[in-house]
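Enquirer: coords please:
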Amino acid sequence: MKIIKKVLLALVVLLIIAQFLGPEKNNGDIASIDAFYAETNPPEDVKLILKNACFDCHSNVTRYPWYNSITPLNYWLNHHIEEGKEHFNVSNWEGNSIKRKDHKFEELIEEVEEGKMPLNSYTWTHADAKLTPEQVNALITWAKQVRTSYDLKQKPE
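Expert: Purely as a prediction, here's the structure:
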C-alpha cells in the first residue's frame, strides 16, 4: 500500500511540475493574414467564418481557450495547430505559387463539402465554428471564385 501512495504522490508532483511547461504559443501578428485577405478578397460574411472556424489552426494567430493552460491539453492543441498550419496556413500565403494556392483551395472546398472541416474536436469547444449550410455554401462559393481567378492567372496569354 505504501508503494502505491508513493507512486501516486510522484505522479501528482510530476503533473504539478508539468503545468509550468508547455509548447510555444502560436501568437503571430494579425497583419500576417492581410496578404491572404488582399489576394482572395473574401466578403465580410466569409471573413467572419474564416476567423471563427479556420484561423485558430490555419494561421499564425490563435485564440486560445482557457484549458490551453492545462498540460497535457496544451500539447494536444499545439499538435492540432501545427498540423493545421502544415496543410493550410494563410499567414504564409505570399510565399506560395499560384498552383499551390489553387491546390489549397481545392482541398479547402473538398474538406468543407465533406464536413471534415472544421474538426468536430474543435467545434465541441468553439460553438461559433459550427458551420450552417448557408455558411458552408458561402465559403464554397467564395473558394470556387478564388480558384477561378487562379485558373485565369495560370493560363498562358
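Enquirer: What are the contacting residues of the helix or strand containing Val7?
Expert: Here Val7 sits within helix 2-18, counting by DSSP states H and E. Residues outside helix 2-18 that contact it (C-beta atoms under 8 Å, 6 or more residues apart in numbering): Thr71, Pro72. Placement of C-beta: from N, CA and C, glycine included.
Enquirer: how about 6 Å then?
Expert: Helix 2-18 has contacts (C-beta atoms under 6 Å, 6 or more residues apart in numbering) with Thr71.
Enquirer: With just CA atoms, put stretch 25-41 into PDB.
Expert: What follows is stretch 25-41, C-alpha atoms only, in PDB (Å, rounded to 0.1, in the frame of the first residue of the first chain):
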ATOM      1  CA  LYS A  25       2.100  29.600 -28.300                       C
ATOM      2  CA  ASN A  26       1.000  30.500 -31.800                       C
ATOM      3  CA  ASN A  27       0.800  34.200 -31.200                       C
ATOM      4  CA  GLY A  28       1.800  35.800 -34.500                       C
ATOM      5  CA  ASP A  29       0.800  39.200 -35.800                       C
ATOM      6  CA  ILE A  30      -2.800  39.500 -37.100                       C
ATOM      7  CA  ALA A  31      -1.300  41.500 -40.000                       C
ATOM      8  CA  SER A  32       0.100  38.200 -41.300                       C
ATOM      9  CA  ILE A  33      -3.400  37.500 -42.700                       C
ATOM     10  CA  ASP A  34      -3.600  40.700 -44.700                       C
ATOM     11  CA  ALA A  35      -1.900  39.400 -47.800                       C
ATOM     12  CA  PHE A  36      -4.300  36.400 -47.900                       C
ATOM     13  CA  TYR A  37      -7.300  38.800 -47.500                       C
ATOM     14  CA  ALA A  38      -6.000  41.100 -50.200                       C
ATOM     15  CA  GLU A  39      -5.400  38.400 -52.700                       C
ATOM     16  CA  THR A  40      -8.600  36.300 -52.100                       C
ATOM     17  CA  ASN A  41     -10.900  39.200 -51.300                       C
END
